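A.B. asks: what shape does this take:
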Amino acid sequence: MAAQKLPLAKALNESLRKALETDPKVLIMGEDVGKLGGVFRVTDGLQKDFGEDRVIDTPLAESGIIGTAIGLALRGYRPVAEIQFDGFVFPAYDQIVTQLAKMHARALGKIKLPVVIRIPYGGGIGAVEHHSESPEALFAHVAGLKVVSPSNSSDAYWMLQQAIQSDDPVIFFEPKRRYWDKSEVDTEAIPDPLHIARVVRDGSDLTLAAYGPMVKVCTEAAAAAAEEGKSIEVLDLRSMSPIDFDAIQTSVEKTGRLVVVHEAPVFYGSGAEIAARITERCFYHLESPVLRVGGFHSPYPPARLEEEYLPGLDRVLDAVDRSLAY
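C.D. replies: As a prediction, this is how the structure comes out:
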């Protein structure tokens, strides 16, 4: 496949297809991933082409899915488990935190757990309860897990390849409201390392740092701010554990200001750790306090209210203005 524009969901599909073709030890498993092709059609056509032994429809039992994936990984396979929606992962949280994240250390490094857990996350699709949450901080807090999220089709393709090739467990959060956004994918390119942040828009007055679904919002905010003569740098973090603090520091030392944006609640969110670390590292470069923009510390609201809950252009630009006012 040459370079072409693909929706993010299709890029993930092509990435999974490539992994299945390249390594016979790669398996896909989850609820409705086979015959249906997944609720978002990310695994569409894969069971037909690779068979029911490679693309496995599981029972509706997330703990069983992850427990089985752990067992397969111990036997030399590279399972890719899909959790159908973000809010469905919690029956498997015990398996992920007490087993998957700790087995490598418990065995003094003698065993590897190359498990990828794909989780569609975030809002913006008008879904019902438990279908629009952003629980990434709950996993980033756990030592032994890598946590990443692509914001565009190219990263979706390459980061999933890299996650599957990793010998460590990777929680792969997919921004579901970006599934249908198209961008260029070059399957012959040399990708950036999995946990490296990337500057997606240069600027000199302030840094906006985001990941997953909020990168597009921040890019739009930077474009709007440019019309008022403000030069905003946008940094796509790509990884929530580990976090590329060096890239954030480099940007902040240039701009002197930082606003961190994510859909998850601000309270104990990823932005809190970034704010603390960058305040420590860049204290004498900061022209204003590090600000955070995110969801509210409340249960995710009904669909008709989600646009009031989710950070949008206005809330990001308000934070930009407050930061620049110092």
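A.B. asks: sketch out the low-pLDDT regions of the protein for me.
C.D. replies: With pLDDT under 70 as the threshold, the chain has low-confidence stretches at 1-2.
A.B. asks: which helix in it has the most residues?
C.D. replies: As assigned by DSSP state H, the longest helix anywhere in the chain is helix 8-22.
A.B. asks: show me where the protein has its helices.
C.D. replies: Using DSSP H, helices in the chain cover 8-22, 46-50, 62-74, 93-94, 103-106, 136-140, 153-165, 214-226, 245-255, 270-281, 306-309, 313-324.
A.B. asks: show residues contacting the fourth one.
C.D. replies: It stands for helix 93-94. Residues outside helix 93-94 that contact it (Cβ atoms under 8 Å, 6 or more residues apart in numbering) are 63, 138. Quick note: C-beta positions are derived from backbone N, CA and C, even for glycine.
A.B. asks: my guess is residue 54 contacts residue 20, does it?
C.D. replies: Yes: taking contacts as Cβ atoms under 8 Å, residue 54 lies within contact range of residue 20: 6.1 Å.
A.B. asks: follow-up on the earlier one: the inter-axis angle of the longest helix of the chain versus helix 153-165?
C.D. replies: 30 degrees (axes from the mean of the first three to the mean of the last three Cα atoms, to 10 degrees).
A.B. asks: buried residues in helix 8-22?
C.D. replies: In terms of neighbour count (16 or more other Cβ atoms under 10 Å), helix 8-22 has its buried residues at 8-20.
A.B. asks: and it, how far from the chain's centre?
C.D. replies: How far helix 8-22 lies from its chain's middle: 17 Å, per Cα atoms, centre = their mean, to the nearest Å.
A.B. asks: only the C-alpha atoms, please, for it, written as CSV.
C.D. replies: Extracted C-alpha coordinates of helix 8-22, given in CSV (Å, rounded to 0.1, in the frame of the first residue of the first chain):
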residue,chain,number,x,y,z
LEU,A,8,-8.0,6.5,11.4
ALA,A,9,-10.1,3.3,11.8
LYS,A,10,-9.0,2.0,8.4
ALA,A,11,-5.4,2.8,9.3
LEU,A,12,-5.7,0.6,12.4
ASN,A,13,-7.3,-2.1,10.3
GLU,A,14,-4.4,-2.0,7.8
SER,A,15,-1.9,-2.1,10.7
LEU,A,16,-3.6,-5.2,12.2
ARG,A,17,-3.6,-6.8,8.8
LYS,A,18,0.1,-6.2,8.4
ALA,A,19,0.8,-7.6,11.9
LEU,A,20,-1.2,-10.7,11.2
GLU,A,21,0.6,-11.2,7.9
THR,A,22,4.1,-10.6,9.3
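A.B. asks: returning to what we had before: do you know which of the helices of the chain lies nearest residue 182?
C.D. replies: helix 153-165 (6.6 Å; Cβ to Cβ).
A.B. asks: contacts for the closest one?
C.D. replies: Against helix 153-165 from outside (Cβ under 8 Å, 6+ apart): 5-8, 10-12, 14-16, 18-19, 23, 26, 78, 80, 114, 116, 118, 146, 148, 150, 170, 172, 174, 181-187, 189, 191-194, 236, 238.
A.B. asks: name only those of those residues that count as buried.
C.D. replies: For the contacts of helix 153-165, buried by 16+ other Cβ under 10 Å: 6-8, 10-12, 14-16, 18-19, 26, 78, 80, 114, 116, 118, 146, 148, 150, 170, 172, 174, 181, 183, 185, 187, 194, 236, 238.
A.B. asks: list the buried residues in stretch 239-252.
C.D. replies: By neighbour count on 16+ other Cβ under 10 Å, the buried set for stretch 239-252 is 239, 240, 241, 243, 244, 245, 247, 248, 249, 250, 251, 252.
A.B. asks: closest one to residue 123 out of these, please.
C.D. replies: Nearest to residue 123 among the buried residues of stretch 239-252: residue 240, at 17.5 Å, using Cβ to Cβ.
A.B. asks: that closest one: what's it in contact with?
C.D. replies: Residue 240 sits next to 136, 137, 139, 140, 147, 148, 149, 173, 211, 270 when contact means Cβ under 8 Å, 6+ apart.
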